[in-house]
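**Student:** give me the fold of what follows.
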Amino acid sequence: MRKGAIKRTTKETDVEVAIDLDGTGASSISTGIGFLDHMLDLLARHSRIDLTVKAKGDLHIDHHHTTEDVGIALGQAIKQALGDMKGITRYADVHVPMDEALTRVALDISGRPFLVFEAQFVRDKVGSFDTELVREWFQAFTVNGGLTLHVTTLYGSNDHHIAESCFKGLARALRTAVAIDLAAENEIPSTKGSLGG
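**Tutor:** You can find the predicted model right below:
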């Protein structure tokens, strides 16, 4: 029962997230931001984490608050679902191509939040979505999930492809790192005997 559910309500947003780490990649996403919906849908599909996201935010201002708060809530839901992290594989790394773009993602479910994000976008926007918000989402997700995450786009020229390779890379890394290691399913994968600090 590795599930998590978070409701976050502020003056700026109202966000509900539910996940099942042992799902099939089913998703129901509604944030009011088409590009973010697309990224979260493929995150669910390629991680095989079932994901439901319902968000209403102050989109009349811009997409920042909604994007950030969805990242916060999803990170918290991941952390909740992992519990004491017993038996998880913990580490994962992957290279994901998306046409001309190639991104490397390395993940440690460490309990110690730290993000290194190196991706250069060519334009300010993909459609109506500010490309700078890709990093904002990853920062919010990483800190609230208690993850050590390194995301580096090695090259690429199409901003949609760059962003998509980042999210797909995270998805594939999560898929491996949250999986139960059958050789150590009753152990916490740390010499400290615990994860989280």
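
**Student:** residue boundaries of the helices in the chain?
**Tutor:** 34-47, 64-82, 132-145, 159-177 (DSSP state H).

**Student:** model confidence over the third one, on average?
**Tutor:** Along helix 132-145, the predicted local confidence has a mean pLDDT of 98.

**Student:** same thing with the first one?
**Tutor:** When the per-residue pLDDT values of helix 34-47 are averaged, the result is 98.

**Student:** want to throw the helices of the chain into TSV with mean neighbour count?
**Tutor:** Using the backbone N, CA and C atoms, a C-beta is placed for each residue, glycine as well. What follows is these, written out as TSV (neighbours: other Cβ atoms under 10 Å):
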stretch	mean neighbour count
helix 34-47	20
helix 64-82	23
helix 132-145	21
helix 159-177	23
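
**Student:** relative to residue 122, which of those is closest?
**Tutor:** For residue 122, the closest of the helices of the chain is helix 159-177, at 5.5 Å, according to Cβ to Cβ.

**Student:** so how far is that closest one from its chain's centroid?
**Tutor:** 8 Å (Cα atoms, centre = their mean, to the nearest Å).

**Student:** so which of the helices of the chain comes closest to residue 109?
**Tutor:** When these are compared by Cβ to Cβ, helix 159-177 sits nearest residue 109, at 5.2 Å.
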